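[1] sequence unknown, structure follows:
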């Protein structure tokens, strides 16, 4: 076509071209995680309650809090080798688009 001579690139003649921007966002978040946990060992009791609180702060955005977690749970020492646990986790993503999370977990631990 004499009206559109094409564009030379890489040894080829192209009739049209389009420049596009790659819009992928990196997950290059630098966070500081701080966690405080308290367990209470009740004498002569097989149950051990615990509570923990966790903060995630952005190191790129003046230590802005990005997420907090509250975990409450109990461990039951069935015998010397077997332990059961039940935990509740509340995750609050302050500045993210994610909804708050409510998680219940059940665990089993066996010692060899």
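    In hand now; what should we look at? Everything numeric here is computed off the predicted structure, so don't read it as measured data.
[2] Can you give me the distance of the residue minimising distance to the centre of the chain to residue 52?
    When the chain is reduced to its mean C-alpha position, the closest residue under CA atoms, centre = their mean turns out to be residue 67, at 9.0 Å. Residue 67 sits 14 Å away from residue 52, going by CB to CB, to the nearest Å. The way it works is simple: take the backbone N, C-alpha and C, and place the C-beta from them, glycine included.
[3] you'd agree residue 77 is up against residue 109?
    No. Using CB atoms under 8 Å, residue 77 is not in contact with residue 109; the gap is 9.4 Å.
[4] shared neighbours of those two, anything?
    Residues touching both residue 77 and residue 109 (CB atoms under 8 Å, 6 or more residues apart in numbering) are residue 83.
[5] So for these two, which residue has more residues nearby?
    The residue with more neighbours, out of residue 77 and residue 109, is residue 77; 15 against 12, by other CB atoms under 10 Å.
[6] Quickly list what the more buried one is bridged to.
    residue 83 (DSSP bridges).
[7] on that earlier part again, which residue comes closest to the residue nearest to the centre of the chain once chain neighbours are left out?
    Distances taken as CB to CB, 6 or more residues apart in numbering put residue 56 closest to residue 67, at 4.2 Å, once the chain neighbours are dropped.
[8] Need the three-state assignment for the one you found.
    Under the three-state scheme (DSSP: H, G, I helix; E, B strand; the rest coil), residue 56 adopts strand.
[9] So, low pLDDT: which residues of the protein?
    Judged by pLDDT under 70, the chain has its weakly predicted residues at 1-5, 16-28, 94-97.
[10] hey, where'd the strands end up in it?
    7-9, 12-14, 31-39, 47-58, 65-77, 82-92, 101-110 (DSSP state E).
[11] Check which strands are paired with the last one and give the direction for each one.
    Taking DSSP bridges as the criterion, strand 101-110 forms sheet pairs with strand 82-92 (antiparallel).
[12] Next, the residues that contact the strand it pairs with from outside, please.
    Counting by CB under 8 Å, 6+ apart, 67-78, 100-111 sit against strand 82-92.
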